[in-house]
Each structure stands twice: as structure tokens, then as C-alpha cells.
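Colleague: A predicted structure for the sequence below; I have some questions about it.
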Amino acid sequence: VNKLVDAGAVPGDIRDRFSRIDHRGSYLQMHFALDGPPTFAAPYEVLNDPEYQSAIGIFTTPEELQQQWEDSGRGVVPADPAIA
């Protein structure tokens with residue numbers, strides 16, 4: 001299945017099914033427990049408005065997003081990742 005789970009811990013039919021899935025388009029998602037809403041600095045200070053606190057996304061240029069996508073395919077974590 002992957003290097004996190006011993007192959008013997010997963011039934012053979014499940015291993016076979018998962019081995020046929022192309023996982024190259026996977027992404028990393030992280031959740032953080034904060035003690036309050038973040039305070040944003042310029043140029044994102046508009047996000048400090050409570051109306052914008054429910055869903056925040058910070059993205060970079062399309063070219064940088066493309067580079068991050070390509071880097072992730074090589075196992076490289078971006079130094080300044082896009083945040084959604």
C-alpha cells in the first residue's frame with residue numbers, strides 16, 4: 001500500500017486495488033488548532049476583518065503554483081507554500 005503500513009497488515013485484494021491507483025496528484029493537507037484567529041500583516045490585513053475569518057486562502061502567482069505542483073511531484077516541499 002505504502003511505506004507507512006506493513007503490506008501484511010492489509011488484505012491482498014485491497015493491496016491489489018490500491019496498487020492500480022495513480023497517486024501522483026495527491027496533496028498535503030494540514031490542520032492546526034489555534035488559540036484564536038491569526039493576525040495578518042500587509043498585504044493581507046483585510047483578512048483580519050471577522051467577515052473574512054471563516055474561509056481564508058492565500059495564493060501566489062499561477063507560475064509559482066505550477067512550480068509548487070511540479071516540486072511536490074519530486075517530493076520537494078515548497079519553502080513558501082500556498083495556503084487555502
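Modeller: Perfect, thanks for sending it.
Colleague: what distance separates the longest helix along the chain from the centre of its chain?
Modeller: With residue count as the measure and DSSP state H as the assignment, the chain has helix 62-73 as its longest helix. Computed by C-alpha atoms, centre = their mean, to the nearest Å, the chain-centroid distance of helix 62-73 equals 12 Å.
Colleague: show me what that helix is packed up against.
Modeller: Helix 62-73 is packed against no helix or strand, with contacts defined by 3 or more C-beta pairs under 8 Å, 6 or more residues apart in numbering; DSSP states H and E. Where C-beta positions appear, they are placed from N, C-alpha and C, glycine not excepted.
Colleague: got the buried residues for that helix?
Modeller: Of the residues in helix 62-73, 68, 72 count as buried by neighbour count, 16 or more other C-beta atoms under 10 Å.
Colleague: could you check the pLDDT of the nearest residue to residue 78 once chain neighbours are set aside?
Modeller: Spatial nearest neighbour of residue 78, excluding adjacent residues (C-beta to C-beta, 6 or more residues apart in numbering): residue 68 at 4.5 Å. Per-residue confidence (pLDDT) for residue 68: 85.
Colleague: pretty sure residue 68 contacts residue 82?
Modeller: Yes. With contact defined as C-beta atoms under 8 Å, residue 68 and residue 82 form a contacting pair (6.4 Å).
Colleague: between the two, what contacts are shared?
Modeller: Shared contacts of residue 68 and residue 82 (C-beta atoms under 8 Å, 6 or more residues apart in numbering): residue 60.
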